[in-house]
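Asks: One predicted model, sequence on top.
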Amino acid sequence: MSGMSGPGEPYRPGAPAGAGPWDTRSEAWLTGETGEVSEAGETGEEPAVEDGAGREEARSHGTGGGAGDGVRAGAHAGRSGTYAGRTDVGAIGEGVNRTDAEGPADDAGRAAETAAGQFAEATAGQPTETAAESGTPGRAPAARPRTARPPATPRRAGADPVKTLIHRHRELCERAVDPLEIAAGLEAHGLTDRTAARFRHRDVFSLAEEMYARVAAGPEEPPAPEAAPAPRVRADWAVRSLLPGALATATVAALHLTHGRTRLTAAAVGVLAVAVGLRAALRHGPLGIPGRAPAGSRPAGTGTCTTWLLAYALLGDGLLRAALAGGPHHLPDGTADGPWPLVTAPVLALALACAPAAWCAHLLTAHARRRLAASRNLEDFTAGARPLLLGTVALFLGASAGLLALCAAALDQPFAHTEYTEAYAETLTLGALLLLARLLVVHGFAHAPAVALTAAAAAEATALAVVFAARLPGCAALAVPVRTVTDACGTGAVPTLACGAAALALLLHASRSLTRASAHTRHTEDDAS
Amino acid sequence: MRIGLVTEGGYPYVGGDAGPWCDRLVRGLGQHEFDLYALSRSRRQEDEGWVPLPPHVTRVRTAPLWTAEDDGAAPGRRARRRFTECYGELAQVVCATQAASAGQEARAGEARAGQAANAGQAASAGEATSAGEAASAGHPAHIGRTAPGVPARERSADLADRFASALYGLAELARDTGGLTGALRSETAVRALEHACRAPGAQRAARTARVPDLLAVAAHLERALRPLSLDWYEDDGLGAVDLCHATAGGTAALPGLLARHFTGTPLLVTEYGVRLRAHYLASGTDGTPPAVRALLTAFHSRLGAEVYRRAALITSGNAHTRRWQERCGADRAKLRTVHPGMDAAPFAEVGEQPQDGDPDTLVWVGRVEPAKDLVSLLHAFAEVRRQRPAARLRIVVTGTGAEGETYLGHCRALAAQLFPDEADGPHAVGDNPVSFEELGGPEAPTCADAYAAGAVVVLSSVVEGFPAGLVEAMFCGRATVSTDAGAVVEAVGGTGVVVPPRNPRALAGACVALLRDPERRARLGAAARARALELFTVEQNIAAFHGLYLETVARCPVRRAALDHDGEPLPFAVPAEAHVPGHWAAGPQERAVPGGGIAAVPGDGTAAVPDTGAAAATPAREAAR
C-alpha cells in the first residue's frame, strides 16, 4: 500500500492523480494469490472465509469498490458502504463509466482497512450475488476465464443516485465556493455529460448545481488558522550576525598591539574586514531584504550615509573638538588619548550589537506573524503591533547599552562622568537610527530611512563645515550655534542631536508603517522562481 | 494588417506555453505584421531567451509578471483618493454574493424552456428547473440558493458593470501615476478588502476572512493586476495595432482588454483551456483557506466575464472549452472553435501506404500517467487475448513524470503477472505479449513508426484534453479504439470506435471486433486520415485565424481620425468606402488620436490616402485582398 494516499493528503476521489490509487486494484493481484482468485472465479462462488489483508482487499475491490469510497465517513462504514455499492451498480452501473460504479481504488483500500470486516460479513452472507453485482468489468479478476457471463441480477433502482454522488464527492462539494468548482472537480474525475445524463441532468454543470445546492449551508466556521510557521532561527544567520562584532574586536585588538605603519595597515584591513562582515550579516536572515531587492527599494547613498555616521562616531568628536580649538594639528594616531582621539568603544559596541539587532528583528517578525494569525481585524493587529515594535527597539537599546559598558570597560576607556552619558546618548541614538532604518528597509519602506540617514549625516557634516568656515574672515558668526551647543553639552551633543532627531522621526514613521498588517506580508514570490 | 499578439509565459520565450502554436501562427501569416507583447512568468524564463523570430515580427515588448518595481514614492492625495475609490469598488464587487451564475442560468433556462414544462414560471432560474427535474425524479426538491431570476440578472449585470468601471478606473490611475504596485501592496488596499468583506451583502465565505486571508488576497490581486502598470497602452504601443490577439484568457487577456478600453483596438481571445477551470483545479487542493479561494475565484470569474464581454471574438480549442466559456459568460455568437493544428508531414508516409501493420498488434502511444489508465488497458488486453491468442500489445512511452515512473513500474509488474512469457516452441526463447518501449528506441524510432507497427491504436484515458496522440494515429490512417474522455469524440468523429472510459470489457470488445475485420479497419483508417487532414492540420488552424482576423477587423475596425502635421483633423482624409465593411446601423465611435500617434502600415501601396489615412484604410484593403 505504499502508493496509497495518506490521511494528510488532499482528498481526490477518483482522481487518477497518483500511481497509488490505481495500484491497489492490481496490487491485490500481485500480492494476493492469483490462482485462488481465478479458482474462486471459476467455481463462481465468493470465497467466504479468507484471511490475509490481500484477500480482504481483493474482495473489497471485487465486490464493493463503489462502497469503498462511500465508506469514507468512517461511522457508516459497513451499512452505507453496502448501500452505496448497490445503488451504484444497480442504478447506474451499466458499466458505462466506472467513475460511478466503482470508487477510487485508494478509497476502496481505505475501506478495506476500516470496513473490511463488516463489509466482508455483509457480502459473505450473499455469496452468489457478488459475482453478478460486481458486473463492472475489471473489478473481478480479469484473468478469470469468462466464457459465459454470469446472468445479470435485476438492477436495483437507487432512490437517489445524486445523493450517492454527493456522498462520494463530499469534500469536493463542501469546499466548493460555487457550482462551477464542483463541475470542474467532477470533470477531472472523468465524469462527462454522458454520465450526467444518467443522473437526469443535461450536463455536468447542471448536475454540479444540484449538488452545490443540496450540500447544506456549506462548511461551518473555518477553524482558527494556525499561525504561519514562524521563521526559524537558523544557524547561518545567527553565526553571521556575530561576524561584524568578532572582526571589529579583532581589529581593535590589532590596533592596540601595533604601532606606526603597521597600525595603519591593521586599521585599513580591519575596516575592510568589518565592512565585508557587515555585508555578510545583512545579506540573509531577519535583517536581509527578502527576495532580491528590486532596484527601486535601495536608494543609492544609504550605504554612504551609514559609513559617514560610523566614521563620525569614531573620529568626529575629536575632530570637532580640535576644530573648535583651532586645530587639528595632527592626524589621528589611532589612540584614544592623542590630540585627535580615536573613540573605538561605541563603534565596537555597535558592531557587536549586530547580533542583538538580528535577534530583535527575528523576534519582531515572529511575534508579528503570530499576532497576524490571531488578529480578528486590522485595527486589532495594529493595536498589538505597536507595543511590540517599541519593545523591540527598547530591547535593542538595552542590549547596546550593556555592550557599550562592556566595551568601555574592556578597552579601558573610562569616560569622565560628563562624557559618560554623552557617549551613551551618542551611541544609542546612532544604534536606534540604524536599527530602525534597517527594519524599515527590510519591510519594504526604503524611502524614509534614506531620507533620515541622509539628514543625520548632513547635519553632522554641516556642523563640522561651519566650524571650519567660521575661520574665514567675517564668517565667525557661522559657528555660533555649534559653539553654543558644544559649550552647553559637550561635542557629543552634535551627533546625538542629529541621530536622535532622525531616529525619533523614523520611530514615528515605523510606529505607523511597521504596525500595519501589509508590512508583514512576505513578498517571496518576487524571488526569482 | 498589424496584429498585437499578447502572450503570457509563452512565445517568444524558449519552451513557453503554446510556443509551437504561436510560432506556426506567426510564421504562417507572413502577410501580416506582428507585434509581440510577452509577459514572462519567471526569471528563469527570461534568462532562457527567445526563439528565433521571423522578420515580420516588427517589435517585441516584454514585461515580467513575477516581479514588480515599487518606486516607494507616495502618490499624491488625489491619486490616493482615486485609488481608494476604485479599489474599494473592485473589492466590493469581488466580495459580493455571486450572482453571475444566475445570469448565465437565465440563458440556459431560456434555452431549454421548450423542454422543461415549468421553465416559464421558474423565470429562468436554472436551478429551479433542475429542482423541478429532481422533484419529478423522486428527489427531494431543494430550494435554489439564488434569488428570483430577473432581479438576479439585473444585479449580475450591475455587478459586472461596477467591476469593469473599477478595473478601468485603476488602469487609468496607473496610466496617470505611472504604476500602481506600491498602492496595490499598501495598507489602503488591505483595508478596502476588509471593509468589503465586512460589508452587508458580502459572500458568506468572505465574512470569515481573517487578516492573513486578506493579506493573501491583496497579494494575489496585486500580482494579477500587474499588467495595469505597464506602459503598453499608448498610441505607439497596443494602440497602434489593428487587432489585439490574446493567446490565453485571464492575465494575458488583460493587456488586450485595456488596449481596447484606451484605444479601441479590437480584441480576439484564444483559449485552449479555460483559466477559471484551471484556477478551480489548482486552488482546490493546495490548502488555500476557503475565504481566499472564494474571493480569488470571484475575481477571476469577473475578470474572465469582462474579457468575454469585451472581446470581439473568442476562440476555443474544442467543444469542451467552448462549453466552459459559455458557462463563464461568453456570448455564444462570439465563440468560434478552432481546433489545434498538428503537423501532418511526419505521418504522411505511413498514412499513405496501403497495408497496415501487424494484423494482431494493438498499439498505445503516449505519456504514462495514472490518468491514462493503462491498468484498464492491460485488463482489456487480457480479455482480447482470450479471444485472439495471437494478439500483442505494444506500449510506447513518450515520457513519464515523477508519478508516471511509479505507475509505469506498476504497469510492468501487472503485465508480467497477467501475461506469462510465451515462446513459439520448446526450444525458442519466449517473450511477453505486452511490450513496453521507449520512443526513440530501435523498435519505435518515431511516433509514426510506432503507429505504423500496429493494426489498431488504442487510447484508454480517463481524463483527456485534446487527444493529440489520437489525431496522430488518425494522420497515420489507423483505426482507433478510444475512451470517451475530453475531446476524444469530437476529434475522432465517426472514424473510430469510442467506448466508455473505465470499461475494459467494452474496450476489449471493440479491439477484438476491429482485429477480426481488416476491411473495417482499413475503412475506418482511411476515413480517420481524411478527417484529420481536413480538420486538424496546421494549415486549417492558420487559415481559420486568418479568417478570424479579417472578420474581427471588418466588424470592429479601429477608426483613427486622420490628422495633419499640426495635429488638426484632416477632412476627407479617409475615403468613404473605407468604412464600408463596418456596421451600418451602429454608430462607430470616432476616436481622435494625438498627432504623431498614427502608425502607417509599411508597404502600403494601395491605400489611397497618403500618410495617416493608411491605417484606417487597412480593413478595406485587407478585405479586398
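Replies: Looks like it came in fine.
Asks: can you pull the pLDDT of the residue most central in space within chain B?
Replies: Centroid-nearest residue in chain B: B:Glu271, 2.1 Å away (criterion: Cα atoms, centre = their mean). Predicted confidence (pLDDT) at B:Glu271: the value is 89.
Asks: The residue in the stretch 451-600 of chain B that chain A sits nearest to and B:Val375, how far apart?
Replies: Residue nearest to chain A within the stretch 451-600 of chain B: B:Arg502 (2.8 Å; Cβ to the nearest Cβ). Bear in mind the C-beta positions are built from the backbone N, C-alpha and C, glycine included. With distances taken as Cβ to Cβ, to the nearest Å, B:Arg502 is found 10 Å from B:Val375.
Asks: and the residue of the stretch 451-600 of chain B closest to chain A, helix, strand or coil?
Replies: Following DSSP: H, G, I helix; E, B strand; the rest coil, the label given to B:Arg502 is coil.
Asks: got the buried residues for stretch B:490-502?
Replies: By neighbour count on 16 or more other Cβ atoms under 10 Å in any protein chain shown, the buried set for stretch B:490-502 is B:Glu490, B:Ala491, B:Val492, B:Thr495, B:Gly496, B:Val497, B:Val498, B:Val499, B:Pro500, B:Pro501, B:Arg502.
Asks: Mind checking which of the residues you listed land in strands?
Replies: B:Val497, B:Val498, B:Val499 (DSSP state E).
Asks: So the chain: which segments form each domain?
Replies: You didn't say which chain, so I picked chain A. Following automatic domain parsing, chain A resolves into domains at A:1-131, A:169-217, A:305-329+A:340-520.
Asks: actually chain B
Replies: Domain segmentation of chain B under automatic domain parsing yields B:2-67+B:231-337, B:77-127+B:146-218, B:345-536, B:557-624.
Asks: hey, which helix is longest across the chain?
Replies: Unless you meant another one, I'm taking chain A. helix A:378-411 (DSSP state H).
Asks: you looked at the wrong chain, it should be chain B
Replies: Ranked by number of residues, the top helix in chain B under DSSP H is helix B:149-177.
Asks: do that one and chain A meet at all?
Replies: No: using Cβ under 8 Å from any Cβ of the partner chain, helix B:149-177 stays clear of chain A, with a minimum separation of 13.0 Å.
Asks: packing partners for the helix or strand following that helix?
Replies: Sequence order places helix B:181-185 as the next helix or strand after helix B:149-177, per DSSP states H and E. Packing partners of helix B:181-185 (3 or more Cβ pairs under 8 Å, 6 or more residues apart in numbering or on different chains; DSSP states H and E): helix B:77-95, helix B:211-224.
Asks: Residue 305: what secondary structure?
Replies: In the absence of a named chain, chain A is used. With three-state DSSP as the basis, A:Cys305 sits in helix.
Asks: doesn't A:Ala457 make contact with it?
Replies: Yes: with contacts counted by Cβ atoms under 8 Å, A:Cys305 reaches A:Ala457, the gap being 4.3 Å.
Asks: How about A:His520: what's its closest non-neighbour residue?
Replies: Leaving aside its chain neighbours, A:His520 sits nearest to A:Ala368 (4.8 Å; criterion: Cβ to Cβ, 6 or more residues apart in numbering or on different chains).
Asks: Just the element for the one you found, please.
Replies: Assigned by DSSP H and E, A:Ala368 belongs to helix A:354-374.
Asks: Need the mean per-residue confidence for that helix.
Replies: Averaging pLDDT along helix A:354-374 gives 87.
Asks: angle of it against helix B:211-224?
Replies: 100 degrees (axes from the mean of the first three to the mean of the last three Cα atoms, to 10 degrees).
Asks: Can I get helix A:354-374 in CSV? Just the C-alpha atoms.
Replies: The C-alpha coordinates for helix A:354-374 follow below in CSV (Å, rounded to 0.1, in the frame of the first residue of the first chain):
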residue,chain,number,x,y,z
CYS,A,354,24.5,43.3,15.1
ALA,A,355,23.7,40.1,16.8
PRO,A,356,21.1,41.6,19.2
ALA,A,357,19.7,43.5,16.2
ALA,A,358,19.3,40.3,14.2
TRP,A,359,17.6,38.7,17.2
CYS,A,360,15.3,41.7,17.7
ALA,A,361,14.3,41.7,14.1
HIS,A,362,13.7,38.0,14.3
LEU,A,363,11.5,38.4,17.4
LEU,A,364,9.6,41.2,15.7
THR,A,365,8.9,39.1,12.7
ALA,A,366,7.9,36.0,14.6
HIS,A,367,5.6,37.8,17.0
ALA,A,368,4.1,39.9,14.2
ARG,A,369,3.3,36.8,12.3
ARG,A,370,1.7,35.1,15.3
ARG,A,371,-0.3,38.2,16.0
LEU,A,372,-1.3,38.3,12.4
ALA,A,373,-2.8,34.9,12.6
ALA,A,374,-4.6,35.7,15.9
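Asks: For that helix, name the packing helices and strands.
Replies: When contacts are defined as 3+ Cβ pairs under 8 Å, 6+ apart, helix A:354-374 sits against helix A:235-240, helix A:243-257, helix A:260-283, helix A:378-411, helix A:417-442, helix B:211-224.
Asks: For B:Gly15, find the nearest of those.
Replies: For the helices and strands packed on helix A:354-374, the distance to B:Gly15 is smallest for helix B:211-224, at 22.0 Å, taking Cβ to Cβ.
Asks: now what about the next helix or strand after the closest one, what contacts it?
Replies: With elements assigned by DSSP H and E, the helix or strand that comes after helix B:211-224 is strand B:243-246. For strand B:243-246, the external contacting residues (Cβ atoms under 8 Å, 6 or more residues apart in numbering or on different chains) are B:1-6, B:238, B:252-253, B:255-256, B:259-260, B:265-270, B:307, B:545, B:549, B:552-553.
Asks: if we can go back for a sec, can you lay out the buried residues of stretch B:490-502 as a markdown table showing distance to A:Arg194?
Replies: Listed next are those as a markdown table, based on distance: Cβ to Cβ, whole Å:
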| residue | distance to A:Arg194 |
| --- | --- |
| B:Glu490 | 13 |
| B:Ala491 | 16 |
| B:Val492 | 15 |
| B:Thr495 | 19 |
| B:Gly496 | 17 |
| B:Val497 | 16 |
| B:Val498 | 10 |
| B:Val499 | 12 |
| B:Pro500 | 8 |
| B:Pro501 | 10 |
| B:Arg502 | 13 |
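Asks: so how many other residues sit close to residue 394?
Replies: You didn't say which chain, so I picked chain A. Per other Cβ atoms under 10 Å in any protein chain shown, the neighbour tally for A:Ala394 reads 13.
Asks: other chain: chain B
Replies: Counted with other Cβ under 10 Å, residues neighbouring B:Arg394 total 21.
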